[in-house]
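K.L.:
take a look and give me a structure for this.
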Amino acid sequence: MAGRSHHAADLRKGRVSLPGVCYFITTDVERGCPPIPFPEGAELVIECWRWLRDHRRTWNGGYVVMDDHVHFLMLLREGFTLPRVLDSFKTYTATRINQILGRKGIFWQEGYYDHAIRDESDFWACLNYMHNNPVRRGWVERPEDYAYSTAHPSRADDIDWEALGYSP
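P.N.:
Numbers count the residues shown, from 1 in each chain. Model (predicted):
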């Protein structure tokens, strides 16, 4: 498996996924792959998260699409696990992004980082961290200026506040 992280299996050790738990997820583009194409690829990623919500797999807690990785917060619904949801997300978006790029093969790294949100303070820390990613990169001055994030006013309704039990 050339180019695969030899630590991907380590990321799965001890992983538990429970419905009703909110998770902070980060997944990266495979090393050597082109970046996520903007705006088409970024919109595709966002539409996939909306599809997962609309088809009762997750509730959305926020997201940001960067060129080489994505962050999102999601609450698993009954009957779904992190591996199942992430495999679905990665398979669909990789196929479509590869079509946009005119290429075939692996697009996302095999593993992903997940963190179970412990409490409201942890939720806000993760949401603020990901929303500030474009600011840290120097792409925008304020999180709400970045179009491919739930910090942007046009995407604020993508967060399922009622299901999360938090208020904006």
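
K.L.:
which SSE is immediately downstream of the longest helix along the chain?
P.N.:
When the chain is parsed with DSSP state H, its longest helix is helix 82-101. For helix 82-101, the succeeding helix or strand toward the C-terminus, using DSSP states H and E, is strand 113-116.

K.L.:
partner strands of that next one, parallel or antiparallel?
P.N.:
Neighbouring strands of strand 113-116 in its sheet, by DSSP bridges, are strand 22-28 (antiparallel).

K.L.:
right, and the helix or strand after the partner strand?
P.N.:
helix 40-54.

K.L.:
okay, buried residues for that next one please.
P.N.:
The neighbour-count check on helix 40-54 (16 or more other C-beta atoms under 10 Å) flags G41, A42, L44, V45, I46, C48, W49, L52, R53 as buried. For the C-beta atoms, the positions are set from N, CA and C on the backbone; glycine is no exception.

K.L.:
ditto for stretch 120-136
P.N.:
F123, C126, L127, M130, H131, N132, N133, P134, V135.

K.L.:
how close does the spatially closest residue to T150 that is not a sequence neighbour get to D122?
P.N.:
Closest residue to T150 apart from its sequence neighbours, by C-beta to C-beta, 6 or more residues apart in numbering: G62 at 4.2 Å. Separation of G62 from D122 (C-beta to C-beta, to the nearest Å): 13 Å.

K.L.:
go on, Y63?
P.N.:
17 Å.

K.L.:
now do A147 against V65, distance only.
P.N.:
A147 is 9 Å from V65, by C-beta to C-beta.

K.L.:
these two: which is more packed in?
P.N.:
Neighbour totals were compared for A147 and V65, and V65 leads with 24 against 17 (other C-beta atoms under 10 Å).

K.L.:
quickly list what that one is bridged to.
P.N.:
Applying DSSP bridges to V65, the residues it is bridged with are V70.
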